[in-house]
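Peer 1: For reference, the sequence and a predicted model appear below.
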Amino acid sequence: MLDIYYTYETVASDDYIRMILSSYYNIPNPVICKSIHGKPYAEGRKIHFNLTHSRGLTALAVGKKRVGLDCERLDGRARPAVLRAFTERERSEIFGLPDFYAHWTARESYIKFYGETLAACWRKVEYYGGRIYRSGELQPDKIMQFTLGEHVFSVCGDYHKVVPRLCDPSKLRRR
């Protein structure tokens with residue numbers, strides 16, 4: 001099971017991670033480190049998490065296995081430059097804004113799962129038919145998607161159940 005804690009309150013990323021880990025996972029004063037490409041992890045802990053932000057929402061996925069998480073708000077418009085960067089197969093599945101963001105977040109969650117950067121991996125990754133391809137090869141990694149209010153989420157990881165939990169940072173323990 002993967003828990004996704006989300007808030008519409010303004011909160012600093014590392015503070016939010018510390019509050020969630022302290023309040024729900026009994027990890028007092030977790031030391032938040034970052035990989036060479038910026039993926040956060042808790043030093044010395046066997047817990048995995050990934051953070052995402054999108055226009056008024058901050059979300060943190062926490063589980064026992066590696067995870068990549070991305071979300072985007074379903075308003076605005078598709079970014080033409082990004083749309084052109086999708087493969088022809090991907091563009092054949094994009095008929096509107098929800099499809100655009102489903103493809104965008106799937107790719108980004110996969111890239112974040114591996115702790116890589118969009119700049120280094122964007123052209124190597126393709127999301128088509130609900131599956132991820134890297135350099136043309138089908139990947140075993142699973143992508144789960146869901147909407148929550150006005151946001152679409154993509155989760156990359158070996159999880160069978162996702163539980164979104166609205167979280168009020170002002171009510172969390174700060175240790």
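Peer 2: Cool, the structure landed.
Peer 1: And the residue nearest the centre of the chain, its phi and psi?
Peer 2: By C-alpha atoms, centre = their mean, the chain has its centre lying nearest to Leu69, at 1.3 Å. Here is the backbone geometry of Leu69 (degrees, to the nearest 10): phi -130, psi 140.
Peer 1: So it is in contact with Leu51, correct?
Peer 2: Yes. With contact defined as C-beta atoms under 8 Å, Leu69 counts as touching Leu51 (7.1 Å). Placement of C-beta: from N, CA and C, glycine included.
Peer 1: if we can go back for a sec, quick check: bridge partners of the residue nearest to the centre of the chain?
Peer 2: Going by DSSP bridges, Leu69 is paired in beta bridges with Val155.
Peer 1: Which pLDDT value does the model give it?
Peer 2: Leu69 carries a pLDDT value of 98.
Peer 1: got a list of what it touches?
Peer 2: Residues in contact with Leu69 (C-beta atoms under 8 Å, 6 or more residues apart in numbering) are 4, 50-52, 59-61, 109, 112, 153-156.
Peer 1: Can you give me the distance of it to Val152?
Peer 2: To Val152, Leu69 is 12 Å away according to C-beta to C-beta, to the nearest Å.
Peer 1: Okay, helices next: where are they in the protein?
Peer 2: In the chain, the segments counted as helices under DSSP state H are 13-25, 80-85, 88-91, 97-113, 118-121.
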